[in-house]
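Novice: The following comprises the amino acid sequence and a computationally predicted model.
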Amino acid sequence: MGKPSIDHLRERAYGAVITADDSAYDEARKVHNAMIDRRPAVIVRCANAGDVITAVDFARENGLDLAVRGGGHCVPGFGTCDDGVVADLSAMRSVRVDPGSRTARAEGGATWADVNAATYAFGLATTGGIISTTGVGGLTLGGGIGYLSRGLGLSCDNLVSADVVTADGRFLVASEKEYDDLFWALRGGGGNFGVVTSFRFRLSPVRDIYGGPIFYDLEDARGVLHAYREVIADAPEQLGAFPAFQIAPPLPFIPPERHGRVHVATVTCWAGPLEEGERALRPFRDMAPVVAEHVGPMPYPALNTAFDGLVPPGLQHYWKANFVTELTDGAVAAHLEHAPGLPAVNSTVHIYPIDGACHRVPADATAFAYRDASFATVIAGMWPDPAANEANIAWVRDYYRDLAPLSEEGGYVNFMAGDDQGRIRANYKGNYDRLVEVKRAYDPGNLFHLNQNITP
Ligand SMILES: Cc1cc2nc3c(=O)[nH]c(=O)nc-3n(C[C@H](O)[C@H](O)[C@H](O)COP(=O)(O)OP(=O)(O)OC[C@H]3O[C@@H](n4cnc5c(N)ncnc54)[C@H](O)[C@@H]3O)c2cc1C
């Protein structure tokens with residue numbers, strides 16, 4: 001690609017057009033996973049939907065790969081590429097709340113911190129991820145699991161409409177009423193169908209919550225997991241809570257002798273009336289002797305930012321994931337075998353409940369197919385030192401190898417690795433063929449192929 005065509009792109013785009021000749025290039029090409037080190041030909045830091053159209057047209061017309069970057073958190077690094085075009089939405093982060101219709105519009109590069117900060121003052125929220133720096137874009141398009149999903153459904157279940165730039169450069173507003181096939185596919189099908197420049201979400205009353213992490217001794221892990229699966233099955237839907245394996249970080253609420261040791265924990269979020277929080281969490285305090293906890297009333301955005309410090313930019317990431325319909329004794333045994341070997345304080349294993357409002361959406365009503373799953377498990381390997389890549393990746397793979405036969409074939413696309421492309425059909429089960437049809441209708445040339453790819 002010659003200089004004249006980059007000059008032409010610069011004339012057309014309002015946002016910055018960044019190439020290897022620019023001092024901003026090395027910073028601009030970074031994504032959250034530091035293991036990903038790619039060198040795009042050009043990064044278009046889109047300022048608006050018009051710039052997105054310009055970037056999409058430029059990639060298609062020049063036969064270049066196109067990567068779309070929302071929050072940049074995707075573990076396999078689909079938000080960047082070598083030698084192609086990056087449509088970088090990180091400057092498109094505004095959020096506008098309409099309290100009358102109880103909806104919010106978030107631009108395609110917004111993070112959950114942006115959304116929660118905007119909605120909190122209105123006493124409203126929607127399901128987002130548990131870390132505030134994760135992008136609304138990738139998370140919602142893959143499904144969206146978080147503290148509020150038992151009560152409010154997945155993030156994609158709260159999507160009312162989406163502004164989309166398609167592969168041919170058209171701008172469409174997709175909803176249940178218009179382009180309903182595209183709208184169906186966007187809710188779980190990932191970034192396969194176009195660039196979403198704006199998401200419109202339904203909001204629900206949530207302001208302050210009662211919750212936080214509770215740590216128990218690793219010796220009690222079997223009892224905690226067995227108790228958890230009983231408790232969560234009957235718990236009110238305003239209770240978001242998941243078990244985790246975690247090395248205790250050196251935080252003031254954790255006794256110093258526990259720092260650096262692997263623990264089992266539960267992370268809780270009661271979004272019902274605050275005065276009922278203490279009672280709602282009592283079963284969690286009874287699961288085993290509590291060795292440390294940081295639980296209490298707090299603004300929802302405070303819980304959403306509480307663990308950001310454990311996952312700063314610049315770590316190496318390698319993740320694996322599965323759904324389970326039941327957390328069987330066998331699966332618990334596999335966790336007990338591998339979790340004690342957690343190699344880094346940043347790494348974690350989470351078992352998120354998929355139930356309540358998530359189960360009330362029929363499996364074929366959105367692209368997210370695993371409505372019969374009870375839990376989404378993620379083995380999230382995250383560590384600072386590239387020299388330790390081999391050992392950390394091996395820990396994730398060994399863990400996954402023993403858990404996979406005790407799990408469903410498919411997993412949650414947003415928790416998967418780059419080497420999981422062979423599992424795409426399984427991830428979508430009965431919805432896969434319809435996803436292929438929608439892909440053929442909106443992206444027959446597979447311009448949007450840097451994702452867990454549904455091939456036309
Ligand atoms: C620290 C951390 C915590 C996480 N916590 C959660 C969690 O609690 N719940 C959960 O469900 N997931 C969670 N995830 C997984 C997360 O959903 C995925 O990593 C997701 O891909 C992140 O989206 P992003 O926009 O930040 O990423 P990006 O890397 O920017 O994008 C990911 C994919 O989505 C596409 N994409 C992004 N934005 C758009 C857009 N506007 N239009 C079209 N395509 C787009 C990209 O092309 C790419 O294929 C977490 C990930 C990390 C690293």
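Specialist: It's in.

Novice: OK, contacts around residue 97?
Specialist: By C-beta atoms under 8 Å, 6 or more residues apart in numbering, the contact list for residue 97 reads 103-104, 118-119, 122, 124, 203. Using the backbone N, CA and C atoms, a C-beta is placed for each residue, glycine as well.

Novice: mean confidence for stretch 115-132?
Specialist: Mean pLDDT, stretch 115-132: 98.

Novice: How far does it stretch from one end to the other?
Specialist: For stretch 115-132, the separation between the terminal residues is 9 Å (C-alpha to C-alpha, to the nearest Å).

Novice: for stretch 310-318, same thing?
Specialist: For stretch 310-318, the end-to-end distance is 15 Å (C-alpha to C-alpha).

Novice: do the same with stretch 340-357
Specialist: Stretch 340-357 has an end-to-end distance of 33 Å (C-alpha to C-alpha).

Novice: Which positions within stretch 435-444 qualify as buried?
Specialist: 435-436, 438-439, 442-443 (16 or more other C-beta atoms under 10 Å).

Novice: repeat for stretch 92-102
Specialist: 92-93, 95, 97, 102.

Novice: Are it and the ligand in contact anywhere?
Specialist: No - legend: contact between stretch 92-102 and the ligand by C-beta under 6 Å from any ligand atom is lacking; minimum distance shown is 8.2 Å.

Novice: Let's see that stretch as PDB, backbone CA atoms only.
Specialist: This file holds the C-alpha atoms of stretch 92-102, laid out as PDB (Å, rounded to 0.1, in the frame of the first residue of the first chain):
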ATOM      1  CA  MET A  92     -15.700   6.600  20.700                       C
ATOM      2  CA  ARG A  93     -16.700   6.200  24.300                       C
ATOM      3  CA  SER A  94     -19.500   8.600  25.100                       C
ATOM      4  CA  VAL A  95     -22.600   7.300  26.900                       C
ATOM      5  CA  ARG A  96     -25.900   9.000  27.000                       C
ATOM      6  CA  VAL A  97     -28.600   8.000  29.400                       C
ATOM      7  CA  ASP A  98     -32.300   8.500  28.700                       C
ATOM      8  CA  PRO A  99     -34.000   8.100  32.100                       C
ATOM      9  CA  GLY A 100     -37.400   8.500  30.500                       C
ATOM     10  CA  SER A 101     -37.100   5.300  28.400                       C
ATOM     11  CA  ARG A 102     -34.600   3.800  30.800                       C
END
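
Novice: that older thread, what about the ligand: which of the buried residues of stretch 435-444 touch it?
Specialist: Okay, of those, nothing touches the ligand (C-beta under 6 Å from any ligand atom).

Novice: Which members of the residues you listed occur in helices, if any?
Specialist: Among these, DSSP state H puts 435-436, 438-439, 442 in helices.

Novice: what's the closest non-adjacent residue to residue 17?
Specialist: In space, and not counting its chain neighbours, residue 17 is closest to residue 10: 4.7 Å by C-beta to C-beta, 6 or more residues apart in numbering.
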